[in-house]
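*Asks:* Output the structure for:
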Amino acid sequence: MKVFVGHNLGNRTFLMQMPMHEFYGMSEVANNPERDGDAIAQRKLDPNHAHKLALYMLKGLISAAIERREILSRDANPTLNVFMERLGRQPYMAVQPLVVNIRSCDLRGTDIRGDRMLDQKSGETAAFKIYLAQRHVLWVVDGQHRRKAMQLIFDFLESIRANRQYPKKNNLAAFKDGEAVTADELLAWDECFEVARTYCTLLIEVHLGLGTAEERQLFHDLNRLGKKVDTNLALQFDSSNPVNLFIKNELIDRLGLEVIEREVKNWADDEGGIARKDLVAVNALLFLNKTNISSATPGLVEGKTDLAYRFWTAVQAIPGFGEDGAREKTVASQPVVLKALAKLVYDFSFSNRRPENGEELTNTLLSSLTDIDFGHDNPMWRFYEMSAEDADRSGLAGLASFLPAEDTGNRDIGSFQGGFMRFGAKHNDIYPILGDMIRWKLGLPPRKGAAASSDLGAEAA
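*Replies:* So this is what the prediction gives:
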């Protein structure tokens, strides 16, 4: 291997690169209690994280195959472009350097043979050529999930080549589960395998002769001393996720929605913007019925953007929304209310169990948002604080029949303080109930399972 010799904080290291497939074959991870015993120097593998990395890296291999064709002046492969469109394009892709340790050598690698390589013109040292034996396994210190992702990719590609069909489970292609692979698709996947063996290289920092204690310390330092990126900043920079692209292109640039990077703590300082992380969370429900957008693919978003844009147009028309002091003017400025509305649209239009008249229900919802009183003093938001008689006098008779029984979960949705209705922080418990209230108000069908099983519900009904 050709390497550069470095001294990371005084410790000799080799910096080298090798193709992805070759690295996988030469490396190992010390996370097996039966095999490694006291030499374990890794945390437990997170399969979900490894799967997400595999999707990302597979997309990178497809991009590399497309680029390699351009470098070799070969005609474009339309199938590779189809793969890329389905998985989602992004401006740039790369895998961060991996950190490994060669355990079976002396400290600082003094027993590893190396030859100096000189620059022919200047005579200066250009690099070193080192010779690794079979026993010189690259034990991964930082990068076990990246290595596992490589395994998932190679297993996926080998399965396609052997069986000539897409797997029904763990299909990294995210389409055609269990279907036959066409001849053109097989050639395209073969190109991806080829670039993994030759063209796509990884940058590797090799530490030399570390013991278990030193390896564990290095693992700790690399994984615990870094500062986590702020969620709002990460979402602002990400241009690969299709939901994020919808937010940037349609909601910010086209609709003019004002997005802020930090949530407003003092409502008196609210200028009408919505925190980016809250906007993403609402759209995660709207498009995916999930709490985050990490699993979004172009296929899951395609065909939903027009209705999603209508949703936000209707929300923007709610009196007080997006204005100075919006939090004090309307409860619709609280993210949990927007989540309730987004969940209704998903259930009516995108869910696999959507009703036959789902389109009609969605149209009724979006066209009637301005008919709902989203003011703080609307007694509907305080229903759980009322007696049956007070609810009846407030015009809320019948609402209980749309709500789940009080003994089936958390019913503390918030409190009315100083003239403002402040909903609680347990959004996953609260937004379904707010959705039930909106269903009742607009005469939409109740959520499945909602029943007036409590005494309060029976009296109010």
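*Asks:* Buried residues of the helix of greatest length in the chain, list them for me.
*Replies:* Across the chain, the longest stretch assigned as helix under DSSP state H is helix 47-71. For helix 47-71, the neighbour count (16 or more other Cβ atoms under 10 Å) marks 50-51, 53-66, 68-69 as buried. Bear in mind the C-beta positions are built from the backbone N, C-alpha and C, glycine included.
*Asks:* so how far is that helix off the chain centroid?
*Replies:* Here helix 47-71 is found 16 Å from its chain centre; the criterion is Cα atoms, centre = their mean, to the nearest Å.
*Asks:* my read is Lys7 is in a helix, agree?
*Replies:* Not Lys; residue 7 is His. No - read with DSSP: H, G, I helix; E, B strand; the rest coil, His7 is strand and lies in no helix.
*Asks:* Now for it: which residues touch it?
*Replies:* By Cβ atoms under 8 Å, 6 or more residues apart in numbering, the residues touching His7 are Thr13.
*Asks:* Same check on Lys426?
*Replies:* With contact set as Cβ under 8 Å, 6+ apart, Lys426 has these partners: 410, 412.
*Asks:* now do 10 Å
*Replies:* 336, 410, 412-414 (Cβ atoms under 10 Å, 6 or more residues apart in numbering).
*Asks:* Flag whichever of those scores worst on pLDDT.
*Replies:* Ranked by pLDDT, the contacts of Lys426 bottom out at Asn410 (77).
*Asks:* What's the local residue count around it?
*Replies:* Counted with other Cβ atoms under 10 Å, residues neighbouring Asn410 total 11.
*Asks:* my guess is it meets Tyr431, correct?
*Replies:* No - applying Cβ atoms under 10 Å as the test, Asn410 and Tyr431 come out as separate, 12.0 Å apart.
*Asks:* and Leu138, backbone torsions?
*Replies:* Backbone geometry at Leu138, expressed as degrees, to the nearest 10, gives phi -90, psi 100.
*Asks:* I'd guessed it sits against Glu28; true?
*Replies:* Yes - counting by Cβ under 10 Å, Glu28 is a contact partner of Leu138 at 7.3 Å.
*Asks:* between the two, what contacts are shared?
*Replies:* Common neighbours of Leu138 and Glu28, using Cβ under 10 Å, 6+ apart, are 100, 103, 147.
*Asks:* Roughly how far does the last one sit from Val206?
*Replies:* By that I understand Arg147. Distance from Arg147 to Val206, counting by Cβ to Cβ, to the nearest Å: 15 Å.
*Asks:* So between the two, which is more surrounded?
*Replies:* When Arg147 and Val206 are compared for neighbours, Val206 comes out ahead with 26 against 22, by other Cβ under 10 Å.
*Asks:* how far away is that one from Leu15?
*Replies:* For Val206, the distance to Leu15 equals 7 Å [Cβ to Cβ].
*Asks:* Buried ones among the contacts of Lys426?
*Replies:* 336, 413-414.
*Asks:* Among those, which lie within helices?
*Replies:* Among these, the members found in helices (DSSP H) are Val336.
*Asks:* hang on, the earlier thing: could you single out the nearest of the contacts of Lys426 to Pro91?
*Replies:* Closest approach between the contacts of Lys426 and Pro91, by Cβ to Cβ: Val336, at 33.4 Å.
*Asks:* contacting residues around the closest one?
*Replies:* By Cβ under 10 Å, 6+ apart, Val336 lies in contact with 278, 281-282, 413-414, 423-431, 433-434.
*Asks:* Among those residues, which ones are in strands?
*Replies:* In strands, judged by DSSP state E, the following of the contacts of Val336 are found: 414, 423.
*Asks:* Quick check: PyMOL command selecting the buried ones in the contacts of Val336.
*Replies:* Of the contacts of Val336, the buried ones can be selected in PyMOL as follows, counting by 16+ other Cβ under 10 Å:
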select buried, resi 278+281+282+413+414+423+427+430+431+433+434
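*Asks:* buried set for stretch 213-222?
*Replies:* 214-216, 218-219.
*Asks:* low-scoring stretches of the protein, by residue?
*Replies:* The model of the chain has pLDDT under 70 over residues 449-461.
*Asks:* Give me the spatial nearest neighbour of the residue minimising distance to the centre of the chain, chain neighbours excluded.
*Replies:* Nearest to the mean C-alpha position of the chain, by Cα atoms, centre = their mean, lies Ser294 at 1.6 Å. Counting by Cβ to Cβ, 6 or more residues apart in numbering, Ser294 lies nearest to Lys52, which is 6.4 Å off, once chain neighbours are set aside.
*Asks:* what about that neighbour, distance to Gly60?
*Replies:* 13 Å.
*Asks:* Ok, Arg276 next?
*Replies:* From Arg276 to Gly60 the distance is 26 Å (Cβ to Cβ).
*Asks:* One more: Asn249?
*Replies:* 23 Å.
*Asks:* Settle this for me: the residue nearest to Ser294 is touching Ala296, isn't it.
*Replies:* No - between Lys52 and Ala296 there is no contact under Cβ under 10 Å: 11.3 Å.
*Asks:* Using CSV, write out the CA atom coordinates for the helix or strand where Lys339 lies.
*Replies:* Here Lys339 sits within helix 335-345, counting by DSSP states H and E. The C-alpha trace of helix 335-345 is given here as CSV (Å, rounded to 0.1, in the frame of the first residue of the first chain):
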residue,chain,number,x,y,z
PRO,A,335,-46.6,23.6,15.8
VAL,A,336,-48.9,21.0,17.5
VAL,A,337,-52.0,22.5,15.8
LEU,A,338,-50.3,22.4,12.4
LYS,A,339,-49.4,18.8,13.1
ALA,A,340,-53.1,18.0,13.8
LEU,A,341,-54.1,19.6,10.5
ALA,A,342,-51.3,17.9,8.6
LYS,A,343,-52.3,14.5,10.0
LEU,A,344,-55.9,15.0,8.9
VAL,A,345,-54.8,15.7,5.3
